Structures are given as C-alpha cells and as structure tokens.
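In: quick one: sequence plus predicted model below, questions after.
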Amino acid sequence: MREKNEYLYTKMNHKYIHSDLTSIYRTKTKLLKCIIIVLIIIINFLLTKLSIKNIIFQNKNFIFENYLIQNCENNGYIYINNFKKYIQKNNYTNIFSDIINYYINLKTENQLTTKRKIYINYMDFWDGFRYKNFHFHKILEERYEVIISDKPDYIIFDQFGRDNYGIENQFDCIKIYYNVENKVPSFDNNDYMIGMHYMIYGDRYFRKPTITKQLSEIYSIYNITHINGIDIKKKKFCAWVVSNGNAKVRNNFFTELSKYKKVDSGGKFRNNLGVIVKDKSKFLSNYKFCICFENSKADGYITEKIFDCFLAGAIPLYYGDDTILNLLNNKSYIHIRNEDEFKEKIELIKKIDKNDILYEKMIKEKIVLNDKIYYKEEQKYKQFIYHIIEQDKQKAKRFERKKI
C-alpha cells in the first residue's frame with residue numbers, strides 16, 4: 001500500500017512538473033514572438049522614417065550596401081519590384097530574409113504610382129541610337145515619367161552632329177553632354193558632362209566609361225567558364241572587327257599577328273572574308289582570340305571592345321588604358337602596353353594557341369578583380385543624374401548663356 005501511494009505521488013509530481021515546463025515553454029514562445037514583432041516594427045520604422053544608410057546584407061561573395069535606401073525609396077517613390085527582383089536574382093538567404101519579405105509585402109500595398117513628369121530629348125548620338133535601350137534613359141524612368149519633347153527641359157547630346165548647338169537659347173533647357181570618345185570637351189557649351197576621363201569638376205562631371213553595362217553582364221558570368229560547352233578544337237584562331245582604320249598601333253599588330261596565322265577580319269576595314277559581319281557577338285564566339293585594341297590610348301578611356309570579347313567567350317588581345325589592370329584580372333586576357341611588346345605577346349599567343357590546357361586555364365580565369373565595383377558605381381551614377389533633375393532649373397544651369 002505504501003509503495004502504491006509513493007508511486008501515485010511520484011506520478012502526480014511528474015505531471016505537475018511537466019505542466020510547469022509546458023507553461024514556461026509557452027510563455028517563452030509568446031515572449032519570443034512579441035520580441036520578434038517589436039523588432040520588425042522598429043526596423044520598419046527605421047527603414048521608412050529614418051532612412052538608415054548603413055544596413056548591410058552580406059552574402060558569401062558580395063556585400064550588399066544601401067540598396068534598399070538608394071534603389072527602393074527615391075524621393076518618396078518606392079521601387080519594390082526592382083528590390084524584389086534583386087533579392088531573387090542574387091538568392092539572398094540570410095537572417096534578414098523574413099524582414100525583407102515583410103518590408104516588401106508591407107510597402108507593396110502602399111506603392112506609389114504617381115511620378116513627376118520630365119521633358120527631355122536626345123540629340124547628336126551615333127547611328128542606330130535607340131533611347132529606350134539607353135542606360136541613362138532607363139535610370140530616369142525608374143523615378144520619373146519621361147516624355148520625349150520638342151520643347152525639352154533637358155537635352156542629352158553626344159558629339160555626332162551639331163543639332164544641339166544654340167538650342168539652350170531657343171528653350172529654357174539644361175544640357176548634358178554624354179561623351180563616349182577619347183576627347184576632353186570644354187564645359188563652355190554644356191551644364192553637365194558624363195565622360196571617360198579622370199577629372200574633377202564639382203557636381204558637373206561624372207566619370208562613366210561605356211563599360212558599366214558590360215560589367216553587369218560580366219558579373220553574371222563571374223568566376224565561371226566562358227567556354228559554355230564549346231569544343232576548343234572547333235574554334236578558329238583569331239578575329240578582328242574594325243571600321244575605323246585610323247589607329248596605327250592596332251593596324252600594325254594585325255599585320256604582325258597575321259604572319260603567324262590568318263586573322264579573320266569581319267569589319268569594313270581590311271575585310272578579308274568578303275562579307276561584313278552583322279552579329280559581332282556571334283561572330284566572335286567562334287574564335288579563340290580577338291584583337292580588341294582601343295582607337296587611341298589614354299587614362300580612363302575604356303570602351304566596350306574588351307568586354308565584347310569576354311562575353312563572346314574569346315580571349316581579348318587588349319591595347320589601351322593601362323589602368324584597366326586595376327579592374328580586370330590580367331590572367332584572363334593578354335594585355336599589350338606598347339609596340340615594343342608585340343614580339344613577346346605574339347609568342348605568348350602562339351604558346352596558348354598550341355596548348356589546349358593553357359587556353360582552357362586562361363578562359364576559366366575570373367574576369368573582374370572587384371566584383372562589387374559595378375554596383376557601387378551604378379549608385380553614384382544614379383545620384384549624379386537625379387541631382388541634376390532635382391535641382392531648381394535655374395540653379396541647374398551652369399554655363400553662361402549667350403544673350404539673344
């Protein structure tokens with residue numbers, strides 16, 4: 001009887017202990033949920049009201065800084081779709097994912113659709129220019145309702161014509177010069193300039209080589225093979241696509257390399273195929289190497305030529321701005337500094353051409369040294385553009401207008 005009573009006492013005691021533990025667990029769970037809710041509310045408040053600028057979302061290869069503030073909230077306009085696509089594209093699965101999803105869902109309900117109208121026009125650009133595909137135009141459309149007008153408030157122009165001259169006197173407009181060539185223009189006939197050269201001119205100049213779009217594409221194939229399953233042995237030797245024959249160093253290299261093997265020239269200049277290449281990327285993808293010399297050499301002058309080769313899966317043979325060595329991995333292409341290096345570099349090309357192992361090793365090298373550079377420069381570029389538009393129009397005019 002005594003043993004039975006002790007058994008019942010022990011059983012009841014265990015029941016009470018279990019009940020107490022369950023109660024404690026439930027209390028802690030509720031407390032934890034309350035803490036999470038409070039944290040979410042606080043974070044949302046900070047994101048929406050205080051515009052915190054030092055939140056960092058970190059992933060294995062890339063530190064994602066300030067994207068939320070700079071891309072999702074611009075002057076009251078909330079670009080949730082851009083942010084959502086960015087998260088999905090980069091597969092961010094860090095501890096902030098729940099907060100990100102909460103923020104996206106919350107803001108999507110209140111997404112603003114009204115955008116300020118701005119009236120612009122493009123003038124004196126290259127043949128085949130299409131403003132809808134223009135990076136500058138796409139950035140404007142992120143924040144504004146952009147209207148192409150014959151009476152613009154803003155003119156964006158290049159150097160391939162003279163339609164823009166004097167137009168600032170016809171209309172009350174601001175002029176933005178978009179320079180893609182190796183020329184340093186005067187600021188006497190434009191309010192702002194976007195160019196390639198390293199220079200400082202207050203808030204009137206932004207250095208943006210034409211490589212930024214290509215850098216984003218290069219990043220998408222960052223650190224993976226460019227061969228994409230193509231048999232190396234089926235690739236031809238070397239390609240060259242040039243229309244401008246006024247580049248002595250480039251012409252001389254073509255001549256010297258052609259002494260080793262035929263270099264297929266598909267452009268208008270020195271064409272040896274009997275047909276002008278229409279699809280440059282597709283053409284280059286059939287070759288192991290590609291000559292991609294700049295028209296001229298100057299610090300800061302980097303065009304799309306070398307990146308066209310990378311994206312086509314060919315090894316670039318590059319001559320131009322030597323500062324590109326700070327941007328690209330020199331093991332992923334062949335850098336030629338001057339004509340004195342022709343003999344040495346051609347011997348290297350021969351060696352790689354004859355050895356598939358060496359070729360495959362080079363083609364698999366990662367391309368960009370700093371994989372964050374595109375994103376940082378992109379944010380600075382947007383800030384430069386938006387600064388121009390957000391200013392009072394009279395204050396935005398910087399060069400002295402001629403009196404009519």
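Out: Perfect, thanks for sending it.
In: how about low-confidence regions in the protein?
Out: Low-confidence segments of the chain, defined by pLDDT under 70: 1-30, 33-34, 37, 40-41, 43-113, 168-169, 185, 209-230, 371-375, 403-404.
In: got the CA positions of the top strand by length along it in PDB?
Out: In the chain, assigned by DSSP state E, the strand with the most residues is strand 116-123. These are the backbone C-alpha positions of strand 116-123, laid out as PDB (Å, rounded to 0.1, in the frame of the first residue of the first chain):
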ATOM      1  CA  ARG A 116       7.000  63.500 -61.700                       C
ATOM      2  CA  LYS A 117       6.900  64.300 -65.400                       C
ATOM      3  CA  ILE A 118      10.100  65.500 -67.100                       C
ATOM      4  CA  TYR A 119      10.500  66.600 -70.700                       C
ATOM      5  CA  ILE A 120      13.700  65.600 -72.400                       C
ATOM      6  CA  ASN A 121      15.300  65.000 -75.800                       C
ATOM      7  CA  TYR A 122      18.300  63.200 -77.200                       C
ATOM      8  CA  MET A 123      20.500  64.800 -79.900                       C
END
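In: by contact count, what packs against it?
Out: On a contact count with 3 or more C-beta pairs under 8 Å, 6 or more residues apart in numbering; DSSP states H and E, strand 116-123 meets helix 135-143, strand 144-148, strand 154-157. To be clear about C-beta, it is placed using only N, CA and C from the backbone, and glycine gets the same treatment.
In: now do the buried residues in it.
Out: Using 16 or more other C-beta atoms under 10 Å as the burial criterion, the residues of strand 116-123 that qualify are 118, 119, 120, 121, 122, 123.
In: please apply the same query to stretch 322-341.
Out: Buried residues in stretch 322-341 (16+ other C-beta under 10 Å): 324, 327, 328, 332, 333, 334, 335, 336.
In: any idea how far apart the tips of it sit?
Out: Chord length of stretch 322-341, first to last residue, is 14 Å (C-alpha to C-alpha, to the nearest Å).
In: how about residues contacting that stretch?
Out: Residues outside stretch 322-341 that contact it (C-beta atoms under 8 Å, 6 or more residues apart in numbering): 249, 252-253, 289, 293, 299-300, 302, 306, 309-310, 315-319, 342, 345, 348-349, 362-363, 365-370, 373.
In: nearest to residue 181, of the buried residues of stretch 322-341?
Out: Nearest to residue 181 out of these is residue 324 (C-beta to C-beta; 17.3 Å).
In: torsion angles phi and psi at that closest one?
Out: Per-residue torsions, residue 324: phi -60, psi -20 (degrees, to the nearest 10).
In: same thing with residue 130?
Out: The phi and psi values for residue 130, taken as degrees, to the nearest 10, are phi -130, psi 110.
In: where does it sit relative to residue 148, distance-wise?
Out: Residue 130 sits 12 Å away from residue 148, going by C-beta to C-beta, to the nearest Å.
In: out of these two, which sits in the busier spot?
Out: Shown here are residue 130 and residue 148; by other C-beta atoms under 10 Å, residue 148 has more neighbours (12 against 9).
In: give the contact list for that one.
Out: Residues in contact with residue 148, defined by C-beta under 8 Å, 6+ apart, are 120, 121, 122, 131.
In: ok, now which ones touch the first one?
Out: Contacts were defined as C-beta under 8 Å, 6+ apart; by that measure residue 120 touches 140, 146, 147, 148, 149, 152, 153, 154, 155, 156.
In: about what we covered before: so which of the contacts of stretch 322-341 belong to helices?
Out: Members of the contacts of stretch 322-341 lying in helices (criterion: DSSP state H): 249, 252-253, 306, 309-310, 342, 345, 348-349, 362-363, 373.
In: and which of the residues you listed is nearest to residue 239?
Out: Of all these, residue 239 sits closest to residue 309, with 8.7 Å by C-beta to C-beta.
In: what about that closest one, how many residues close to it?
Out: Number of residues near residue 309 (other C-beta under 10 Å) recorded here: 27.
In: so it is in contact with residue 288, correct?
Out: No: taking C-beta atoms under 8 Å as the definition, residue 309 is not a contact partner of residue 288, at 10.7 Å.
In: report the contact partners of residue 240.
Out: Counting by C-beta under 8 Å, 6+ apart, residue 240 has contacts 254, 263, 264, 265, 266, 267, 270, 290, 291.
In: from those residues, which land in strands?
Out: Secondary structure from DSSP E places 263, 264, 265, 290, 291 of these in strands.
In: ok so, going back, any shared contact partners between residue 309 and residue 288?
Out: Joint contacts of residue 309 and residue 288 (C-beta under 8 Å, 6+ apart) are residue 315.
In: what about the strands in the stretch 51-200 of the chain?
Out: Ranges of strands in the stretch 51-200 of the chain, per DSSP state E, counting those that start in this stretch, are 56-58, 63-65, 73-74, 77-78, 116-123, 144-148, 154-157, 174-178, 192-195.
In: quick one, phi psi at the nearest residue to residue 241 once chain neighbours are set aside?
Out: With C-beta to C-beta, 6 or more residues apart in numbering as the criterion, residue 241 has its nearest non-adjacent residue at 4.3 Å, and that residue is residue 267. The phi and psi torsions at residue 267 (degrees, to the nearest 10) take the values phi -90, psi -170.
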